[in-house]
Structure formats: structure tokens, C-alpha cells
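Asks: Just to be clear, the model below is a prediction. Sequence and coordinates:
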Protein chains: 2
Amino acid sequence: MSLISVGTMAFDAIETPFGKTDQIVGGSATYVAYAASNFIKPVQQISIIGYDFPKEELEELKSRGVEMDGVELVTDKKSFFWSGRYHEDMNSRDTLITDLNVLADFKPKVPEAYQGAEFLMLGNLSPDIQLSVINQLRERPRLIVMDTMNFWMEIALDDLKKVLKYVDVLLVNDAEARQLTGQFSLVKAAKKILAMGPKYLIIKKGEHGALLFDSDSVFFAPALPLEDVFDPTGAGDTFAGGFIGHLAKTGDISFENMKRGIIVGSAMASFCVEKFGPTRLKEISKSDISSRIQQFKDLVSFEIELV
Amino acid sequence: MSLISVGTMAFDAIETPFGKTDQIVGGSATYVAYAASNFIKPVQQISIIGYDFPKEELEELKSRGVEMDGVELVTDKKSFFWSGRYHEDMNSRDTLITDLNVLADFKPKVPEAYQGAEFLMLGNLSPDIQLSVINQLRERPRLIVMDTMNFWMEIALDDLKKVLKYVDVLLVNDAEARQLTGQFSLVKAAKKILAMGPKYLIIKKGEHGALLFDSDSVFFAPALPLEDVFDPTGAGDTFAGGFIGHLAKTGDISFENMKRGIIVGSAMASFCVEKFGPTRLKEISKSDISSRIQQFKDLVSFEIELV
């Protein structure tokens, strides 16, 4: 099994009620790679970086089985940079700075060596870039998972709807599901989205967990109640990486196994928020992950007799 | 086993995005009784009503095993009346009218026939009224469950803290848990509340489910994803009635059984919101309840191998 992950590799500067960072490594594909590489190797990365992206970070990722053939290095430009400030509830944030830098020129080329990948993770990027990756793959992957955000619904809705016809799983948050459909009820929103193309929909609700829908079932996974959410940046991408990493590892794309994938993704995301940036994801071991998954089982398991 | 339920029996007038009612029957003890009487009889009601409270409603409740010895009828005053308007998200609402009427004189007297009850549900009332009921019971119930709200935290915090020392389970919503403790993190808030007296804490999060804490465990139950939440009035009281009804039926007050109680309460609340007032609670059968509980099992159940 192999997994292609397309997205940004970038810098963030983050302020939360708990502290503030200078420029640290971030980007959707970075988080996906740190999460997914716990479950599947190789992770075949497609991204673009500037001259300032740290060599050590690339080496660290390579040592975890992340392939860099699809990562373009632009030697005379800086990497994509985002800066934001979280509100006290950690569910909402203000963007302070967005410097596209190399991202303005991103025209991903799928390396020949990546052809035949069975799993494709399309991180949050402009829909036409997402579509260009799908179109370059000679063989359709078994599973295409797509992330997006409100920004693309506002400026590129038609393109976004075009990509939706090609993907198997769409990942959005609750506000985005509502925006995309004009439905406040998430159950009604899910029905509308599943009619747009995806066979599965995951609605991320941050501290309130995540919902998985297909045309006739729904599954709910909670977020772990944590004493402190230190920095939510990258939690959604880490969730996506854990989800698709588990599916790629097992090679099983049934609804039942997607439920497990969501628990794995939730467990990975619960680590991500414990420290700034991907710091915590670099520290954890297989046994940390197993015991965190056990916590999720304990959190929701109950036995009840129906009379 | 028997259960005393103390609270209001009242009228509400409700506006939601889906419609508007004239004055309909409501009140915390009304919802508790309709929910709990599915599981335990008798429900020994303590409340106060005016001349306008419908006889048919009292008969309907009696036919379900609800005893009215503790319900005082004031023949020259009206019943408590509340009117409110829900916002589009259904999680927040504005109070339009609060007419205390008979409630201004409520000094509950525990009937002799109620002495010896093993379960006590203290609905949302002023803390001194809640305490007076506890003090009238010659034998301490095995389990005392208390509901309260932000209003009492603002005007009667000292009294509220006094009652907390006597109760086993406190029920509040997430905003109230934060207000009571000054902690944004619900995990930290739970620790502080458990240090105030209760051995168990249930934090209700509306459409985002409910959390049960004791000093070293946490359990999470989701709310059922519904197409329409028609009217959330009484959902919290219905949850409480299902919860304590299940505990009283089984006579088991372990953490494990409280988990089941929370699922039962969540199932009952999911019916409550489907129609205005307690309408839906009067329609449902035992088998409706069982199949709803099965839906909750399906919603959260997953099998995962830890490697």
C-alpha cells in the first residue's frame, strides 16, 4: 500500500491564550505526514517549499518514511507563511498574516515513482490544484480523501463542486458543512453533501468530536476531554493523517474500518494539541498511541441490556 | 425503590425557528415525571400549581404512576409561567416573560408517605428550597441528584455551594460548569466541582452530548444527530428523568450503571426535542425507547485491535 499526500509545508506563527511562538514548521502536508507515517510507509509527499524550509525537518520526515520526490524546492523564494491568533475558546481564530510566497506558483507534478498509489490525501488547497493531481494519476487510487475550507467555498465554489465529484471522502468542519449546503442541521447538510459526489463525509467538530456519514449510517467519535488544549493548529490535518494512515495500513476501506480510522485520527489529533506545532507528534511512540486509543474506547464504551 | 422528584409544574410559551406555541404544559418536574415513569413507579412528585393547571394533565401523570400528594394546589393564583424564544442554533434562548405566580410562595412539604424514598431528584429551584427538601427527609436517600442553573450562581452562590455538599450528582451545562469554577477547560472545571461536594458530575452539552465525571474516570455520551431539533425545552429535565429513572429501576448506583443512565437519559431527551413541550414523551412506547437506545449503541460502537 502507498499513500500520496498533497498539501502545504510551511511556517506558522501562533498566538494562543497559553503562549506565542516565533515562526515554527507547519503546513497541512507536514501534519499529515507526521501522523500517517506512524501507520504506513512510504508517505509520498507532494508540496512546495522555499529556501528557508529547514533541512533538518526534511531529514526528520525522511527518516520516518516520507518520500520527498514530489516536494519542489524554490531556491529564490520563501516558504508559505501563516500567522494567527486563537480566541479563548480555541475553536475560532483570526488570521494575522498570510504570505503565499512559493505557494503562489504551486503547480504540483506527480513523480513517476508515485504512480499507482492506492491512497490519496488531498490537503486543503485550491480546488484546481487538487483536481490537477487527480488528473495526473494514470490509475485512480482506491480511496481519495479531500480536505477543504470556507475560503474556497467563497472564491472557487464551482471548482470545488467539480472536485467533489471525484473524491470518496470529504473532510470539513461543522461551519463549513453548513456553509456548503445552507443547512443548519448537520444531518441534512450531510445528505446534501453526499449528493454532490463523496460517498463518505466526515464532519469535524473540534472539541466536540467528529461525525462520519455514509448514505445510510452515522458514526460519532468524541474528542478526548483534555485539561489543556495548548495549540489546535494542525489538529484537523493530523486527524486526516491518522485516518488515512490507518486505512492505508489495513487496506480496508469499509465503513466499519473508517470508524476505526476516525478513532485513530482523533487519538493523533489529541496529541497534536498538547504542544505548539508538530512538536508532540515527533515525541510519541507506538505505545503512546495504543494507550491513547484505549482511552477513547474507555471514554465511550458501555454495556446496556435492552428489555 | 421509589423516587422523589422536586421541581416546577408550569406553563411555557415557546418560539423556535420552526414554530410558536400558545401556553403549553411544562416545568422541570413535569418533564422528569414523564421521563422517569417509564422506568420506575411511583414517582413521588413535589411541586406547586395554580388553579389553571389542567386536571387532565394531572390525571395523565397519575395514570403513569406519578403520585401527587406533594403537589400543592393554590386555588387563587396562577401557575408559574415562562416564555422564551430560541435562536437559530437552538443552543441559546432569550427569556421573554417570567411570571413566578405560585412559585413565589413555594415552601415544599415532604408528605409522610414519601419518607424513606431511596432516590431524590432536585430539579432546578432556588438552593434554599432544594436544601429544605433534603432536611425534611429523616433518612438520607441513597442517591441525591441536583440540577441548577446560572441564575442561582449569580444571586445565591453561597446557598448553592451549601447544597452541593449534600448531593451525590450535580447536573449542569458546559457554560454553567465554567461559570461555577472560572475554568474554561471542562476537565479542570470538573475537578473543582467534585471538590465542592458532589461525587459525580454530569456536564450537559446539548447537541454535543454529555460528560460524566467522577474523581478518576470520565464517560462521554453523544447526542443523537437529528434532522430537526424542533423544541429543546425540557430536554435537560427529560435527560435527568431518564438518568435517575434508570438508576432507581436498577437500584445500582455504580459508575458503570450511571453510564447506562446517561445513555437512557440521552435517548429520552432525543424524543423530547422532536415536538413542542412534553408531547412526544406522551406518545412513545417501551419499544420506541429500546430502539432509540440501540441507535445510541450503533452511533458510538467500534471494535479496534491495539497493536
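Replies: Done, it's in.

Asks: Would you map the strands across chain A?
Replies: A:3-6, A:10-16, A:19-20, A:24-26, A:43-50, A:66-74, A:81-86, A:93-99, A:119-122, A:143-147, A:169-173, A:200-204, A:210-213, A:218-221 (DSSP state E).

Asks: Any chance of these in a markdown table with distance to chain B and mean pLDDT as columns?
Replies: Where C-beta positions appear, they are placed from N, C-alpha and C, glycine not excepted. Listed next are these as a markdown table, based on distance: least, C-beta to the nearest C-beta, whole Å; pLDDT from 0 to 100:
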| stretch | distance to chain B | mean pLDDT |
| --- | --- | --- |
| strand A:3-6 | 18 | 98 |
| strand A:10-16 | 12 | 95 |
| strand A:19-20 | 15 | 90 |
| strand A:24-26 | 24 | 96 |
| strand A:43-50 | 19 | 98 |
| strand A:66-74 | 21 | 98 |
| strand A:81-86 | 12 | 94 |
| strand A:93-99 | 16 | 92 |
| strand A:119-122 | 19 | 98 |
| strand A:143-147 | 19 | 98 |
| strand A:169-173 | 14 | 97 |
| strand A:200-204 | 9 | 98 |
| strand A:210-213 | 6 | 98 |
| strand A:218-221 | 4 | 96 |
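
Asks: Would you tell me which of those strands gets closest to residue A:108?
Replies: Checking the strands of chain A against residue A:108 by C-beta to C-beta gives strand A:43-50 as the closest, at 4.9 Å.

Asks: Mind giving me the packing neighbours of that closest one?
Replies: The contact analysis (3 or more C-beta pairs under 8 Å, 6 or more residues apart in numbering or on different chains; DSSP states H and E) places strand A:43-50 against strand A:3-6, helix A:28-36, strand A:66-74.

Asks: Reformat those as CSV; add mean neighbour count.
Replies: CSV is the format used below for those (neighbours: other C-beta atoms under 10 Å in any protein chain shown):
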stretch, mean neighbour count
strand A:3-6, 30
helix A:28-36, 31
strand A:66-74, 19
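
Asks: quick one: which of these is nearest residue B:123?
Replies: Here helix A:28-36 is closest among these (C-beta to C-beta), at 45.8 Å.

Asks: What segments of chain A are helices?
Replies: A:28-36, A:55-63, A:127-136, A:150-155, A:157-164, A:174-181, A:186-194, A:235-250, A:255-272, A:279-283, A:286-300 (DSSP state H).

Asks: Can you tell me the closest non-neighbouring residue to the residue of the stretch 1-150 of chain A found nearest chain B?
Replies: The nearest approach of the stretch 1-150 of chain A to chain B comes at residue A:88, 6.3 Å away (C-beta to the nearest C-beta). Once flanking residues are discounted, residue A:88 sits nearest to residue A:17: 5.4 Å by C-beta to C-beta, 6 or more residues apart in numbering or on different chains.

Asks: isn't that neighbour right up against residue A:86?
Replies: Yes. Contact criterion C-beta atoms under 8 Å: residue A:17 and residue A:86 qualify, at 7.0 Å.

Asks: Give the residue from those two that has the larger number of neighbours.
Replies: Neighbours were counted for residue A:17 and for residue A:86 using other C-beta atoms under 10 Å in any protein chain shown; residue A:86 has more, 19 against 14.

Asks: At the contact with chain B, which residues of the stretch 151-300 of chain A appear?
Replies: A:184-188, A:205, A:208-209, A:211, A:217-222, A:225-229, A:256, A:259-260, A:263-264, A:286, A:290, A:293-294, A:297-300 (C-beta under 8 Å from any C-beta of the partner chain).

Asks: swap the cut-off to 6 Å and go again
Replies: Residues of the stretch 151-300 of chain A found near chain B (C-beta under 6 Å from any C-beta of the partner chain) are A:185, A:187-188, A:208, A:218, A:220, A:222, A:225, A:227, A:259-260, A:263, A:290, A:299-300.

Asks: Would you mind listing the two of the residues you listed that lie farthest apart?
Replies: Pairwise distances across these (C-beta to C-beta) peak at 37.3 Å, for the pair A:188 and A:290.

Asks: for residue A:22, phi and psi?
Replies: phi -70, psi -170 (degrees, to the nearest 10).
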